[in-house]
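Novice: One predicted model, sequence on top.
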Amino acid sequence: MIPHKIAWVIDSSAYINNYLQEHPDVFIVPINIHFGTEQFVDGVDLTSEQLYERIRNGANSIKTSQPSAGEFAQLYSKLSKEYESIIAIHVSNSLSGTLSSSVAGAQIAQVQVDCIDSLSLSAGITGLVEKGIKLQHEGLPYTEIVEHLKSEATKFKNYILIGNLTQLYKGGRLSSAQFYLGSLLKIKPVIQINNMGQLQELDKVRSHKRAIQYLVDKVVDSVENDGIETVYIMHANALGQAESLKETILLSCPNLDVTIGEISTSLAVHAGEDTIAVLWYLP
């Protein structure tokens, strides 16, 4: 049986690993990054190191914007001539307007596109696309692939340790008092994207060492109680911390498949340097 020919469309908030980067049926629509009047394209003309350097040098007015509906329309018009179907999986609609732009683009192009809210970001999107391609090659009917991915999105678990409070403060996520007290007391906030795709504060941990142990404990608990087999460790210019975290996790869970990756520049704008997260899907 020849698999249904599907084009997979994602935005650049996803963790673009080598598999997705090199896959001929995966298409990436970049998010825009703004420094005042300057505009850059995520993953194209601004590297993560350049972003962090600008932040360290005190750059203000940093923000992101979703791709335009016109960009999606142009892509969908092209893909509709080459593929039987199109599935677009995007960053949580509660965190970005990207999904809405994608839907509008499909309407402008008058092309049928199944736009799926990942209810997540970064490796959460990656996991859904990889799962969808696997189901496609297994010959699962197209409509069942779409429904399965929508269900899978609700099984996403994540714990995000913010490395630097400055970006959260600049982005309006922290008040002046919260920022001052957090910095003074060396509080490490742990945030989470819940199963509705919304960002919520989950916990506050004193000291970096305790915060890292917090992440380890969450992973080990899910291995033991949920039977998870795969975990992503995502970081913002903190590879050494990510590798150390992986080693610590594997001491307790030696058979766990742990992948390390770096978050996109569009996410780093909000999370800040040294942020580190553990992410996985429940079975």
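Specialist: Good, I have the coordinates.

Novice: buried stuff in the helix ranked longest in the chain?
Specialist: Longest helix of the chain, by residue count under DSSP state H: helix 208-226. Of the residues in helix 208-226, A211, I212, Y214, L215, V216, K218, V219, V220, S222, V223 count as buried by neighbour count, 16 or more other Cβ atoms under 10 Å. Bear in mind the C-beta positions are built from the backbone N, C-alpha and C, glycine included.

Novice: go on, stretch 19-31?
Specialist: In stretch 19-31, counting by 16+ other Cβ under 10 Å, buried: L20, D25, V26, F27, I28, V29, P30, I31.

Novice: for that stretch, how far is the first residue from the last?
Specialist: Taking Cα to Cα, to the nearest Å, stretch 19-31 runs 20 Å from one end to the other.

Novice: Name the nearest residue to I87, ignoring sequence neighbours.
Specialist: Taking Cβ to Cβ, 6 or more residues apart in numbering, and ignoring the residues beside it in sequence, I87 has D114 as its nearest neighbour in space, at 5.0 Å.

Novice: Would you mind confirming that the one you found is in contact with A88?
Specialist: Yes: D114 sits in contact with A88 when judged by Cβ atoms under 8 Å, with a separation of 7.1 Å.

Novice: The two: who's more crowded?
Specialist: A88 (25 against 19; other Cβ atoms under 10 Å).

Novice: Which other helices and strands does whatever helix or strand the more buried one lives in contact?
Specialist: When elements are assigned from DSSP states H and E, A88 belongs to strand 85-90. With contacts taken as 3 or more Cβ pairs under 8 Å, 6 or more residues apart in numbering; DSSP states H and E, strand 85-90 sits against strand 6-11, helix 69-79, helix 98-109, strand 114-117, helix 123-137, helix 142-153.

Novice: looking at these, which is closest to A236?
Specialist: Shortest distance between A236 and the helices and strands packed on strand 85-90, using Cβ to Cβ, is found for helix 123-137: 13.2 Å.

Novice: For the closest one, give the mean pLDDT please.
Specialist: Throughout helix 123-137, pLDDT has a mean value of 97.

Novice: With stretch 36-51 instead?
Specialist: If you average the pLDDT over stretch 36-51, you get 84.

Novice: And that stretch, what's buried?
Specialist: Along stretch 36-51, these residues count as buried under the neighbour rule (16+ other Cβ under 10 Å): F40, D42, G43, L46, S48, L51.

Novice: still on that earlier bit, quick one: contacts for the residue nearest to I87?
Specialist: Counting by Cβ atoms under 8 Å, 6 or more residues apart in numbering, D114 makes contact with S85, I86, I87, A88, V146.

Novice: and the second one, how far is that from I55?
Specialist: Counting by Cβ to Cβ, to the nearest Å, the gap from I86 to I55 is 36 Å.

Novice: what's the answer for the fourth one, then?
Specialist: In this structure, A88 and I55 are separated by 30 Å, where distance is defined by Cβ to Cβ.
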